[in-house]
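**Q** I'd like to go over a predicted model; first the sequence, then the structure.
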Amino acid sequence: MKKILTLIIATISFNSFAQKKTPPPVARTAGTSYILKTDKRQEDFTIKKTKFNVYLGYQKPSEMRQQSMEDTLQVYKITRDKLNFSHLEIVKYGTKNGKIILEGSYKLLNDTLIVTENFYDYMGSFCITTKYITDKWGLKKVSDDMKGIKLENLTERHLKPAEMKAPPPAKN
């Protein structure tokens, strides 16, 4: 009887130790996307002993965004090492009707990731510079700064702001 009881307890304990442990939960930020097989790995960098991977992805034009087939959108997807979703997405290049509407880049400076994004639309053209550092969940925004871009610096390839015209004089 003792042998049967010992055998049953040993079988139950062996099965409980053989079960796979659940992986630790990973927080996913809203507005990020999965790393697809079509995304190309660009580079790896390290900030304070945390390794990050950079992928370059292409988004296809969709009817909902009112894009046509000649429009392009290239996105940098920055993720922690070996994860399948991005922590941060930076638009590298975006066009609409053959005109540049978005440009973005990133650089690493003293354990700080500096992201620069230029936006061109009919309201105006401006540059947003954002700084990120690491925390235990990924990247944390430290500061951001917005500046206007002068019209003289824009080429014909960029979408320029609409000109404001004065109303015609009133007729009496």
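**A** Happy to help now that I have it. Residues are numbered from 1 along each chain as shown.
**Q** where does T11 land in three-state SS?
**A** The three-state label given to T11 by DSSP: H, G, I helix; E, B strand; the rest coil is helix.
**Q** separation between it and L5?
**A** 11 Å (CB to CB, to the nearest Å). The C-beta positions use only the backbone N, C-alpha and C, and glycine is treated the same way.
**Q** ok, now Y106?
**A** With CB to CB as the criterion, Y106 and L5 are 64 Å apart.
**Q** likewise K136?
**A** For K136, the distance to L5 equals 46 Å [CB to CB].
**Q** same question, P161
**A** 83 Å.
**Q** For P161, give its distance to Q42.
**A** Taking CB to CB as the measure, P161 falls 32 Å from Q42.
**Q** Settle it for me: which of these two has more neighbours?
**A** It is P161, of P161 and Q42, that has more neighbours when counted by other CB atoms under 10 Å, with 17 against 13.
**Q** Surely the more buried one touches S125?
**A** Yes: P161 lies in contact with S125 (CB atoms under 8 Å); the separation is 6.2 Å.
**Q** shared neighbours, those two?
**A** Common neighbours of P161 and S125, using CB atoms under 8 Å, 6 or more residues apart in numbering, are L151.
**Q** Which element, helix or strand, includes the residue nearest the centre of the chain?
**A** Among the residues of the chain, the one closest to the centroid is E89, at 0.8 Å (CA atoms, centre = their mean). Per DSSP states H and E: E89 is located in strand 88-96.
**Q** Who are the packing partners of that strand?
**A** strand 73-80, strand 99-108, strand 113-120 (3 or more CB pairs under 8 Å, 6 or more residues apart in numbering; DSSP states H and E).
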